[in-house]
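Colleague: Sequence and predicted structure below; questions after.
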Amino acid sequence: MENELKGLLIIISGPSGVGKGTVIRSLKKMYPQFEYPISHTTRDPRPGEKDGEVYHFISKEQFEQGIEDGDFLEYARVHETNYYGTLKKPIMDGLKQGKVIVREVDVQGAHSMKEVVPPENLVTIFIKAKNKEELMQRIAHRGELPEEEVKRRMKSAQREMDLADDFDYQVWSLQDQIQKCVDDVNAIVVEEMEKAGIDPENL
Ligand code: 5GP
């Protein structure tokens, strides 16, 4: 069957504290015409986080209902606790319309995306850190997470780093060099849009 999808879904993954949020905020500034879909999660909002910006915060029951109704393109239990998932409709509609869509998901989510989105419409980018100590410092510096949660995230970080080879691209995020990481991700985005015949000026 012919692929009716014309757009590009760019997935950004990587361990907690590696700078994914900064990369996506920079892409948002550079490309306000891209789509940045909101995911659903059962975790509590952190101070300063508003519902509808990056996440819709919902209950476990609501999430499980969504799973049952087939609303999610992918979902995962991240850091062994909460559910996170991307809705099917906004992503598939965007891809049909030829949009460029950027979303952060965990490594399990990226893996699931490969099963449901054709390879010509999907780009997966893994952002990696030099070592666990750097990540630990950055997570602790943010100061917004309880100690238990920091520990859980460090445990996931190792598992996530081990799966980096599954991704189309790997980009370094080195200490105090986040701009270099943003530039490297942007170079990939530019190249992939060109390959897909997408002109960002026409989005
Ligand atoms: P945080 O709680 O720090 O916002 O995110 C925790 C983890 O959940 C991160 O690794 C993030 O990439 C991942 N995540 C965020 N949204 C989604 C999603 O829609 N699906 C999946 N599978 N993971 C997500």
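Modeller: Now that the structure is in, tell me what you want to look at.
Colleague: need the next SSE after the host helix or strand of Glu148, C-terminal direction.
Modeller: Take DSSP states H and E as the rule and Glu148 turns out to sit in helix 147-162. Where DSSP H and E defines the elements, the next helix or strand beyond helix 147-162 is strand 169-172.
Colleague: That next one: what's the following helix or strand?
Modeller: Defined by DSSP H and E, the subsequent element after strand 169-172 is helix 178-196.
Colleague: of all the residues in the protein, which ones are close to the ligand?
Modeller: 16, 39, 43, 74, 76, 78, 84-86, 104-106, 108-109 (Cβ under 6 Å from any ligand atom). C-beta here means a position set from N, CA and C on the backbone, and glycine is covered the same way.
Colleague: filter these to the buried ones?
Modeller: Among the residues of the chain next to the ligand, those scoring as buried are 16, 39, 74, 76, 78, 84-86, 104-106, 108-109 (criterion: 16 or more other Cβ atoms under 10 Å).
Colleague: from the chain, which residue is nearest to the ligand?
Modeller: Using Cβ to the nearest ligand atom, the single residue of the chain nearest to the ligand is Gly109, 2.5 Å away.
Colleague: Which strand or helix spans that residue?
Modeller: helix 107-116.
Colleague: now for the helix holding Glu148, which elements pack on it?
Modeller: Packing contacts for helix 147-162, counted by 3 or more Cβ pairs under 8 Å, 6 or more residues apart in numbering; DSSP states H and E, involve helix 132-142.
Colleague: Looking at the helix it packs on now, give me its mean pLDDT.
Modeller: Average pLDDT, helix 132-142: 80.
Colleague: Pull out the buried residues from that helix.
Modeller: Leu135, Met136, Arg138, Ile139.
Colleague: Which one of the residues you listed is nearest to Gln179?
Modeller: Gln179 has its nearest neighbour among the buried residues of helix 132-142 in Arg138, at 15.6 Å by Cβ to Cβ.
Colleague: Report the mean per-residue pLDDT for stretch 159-172.
Modeller: Across stretch 159-172, pLDDT averages out at 92.
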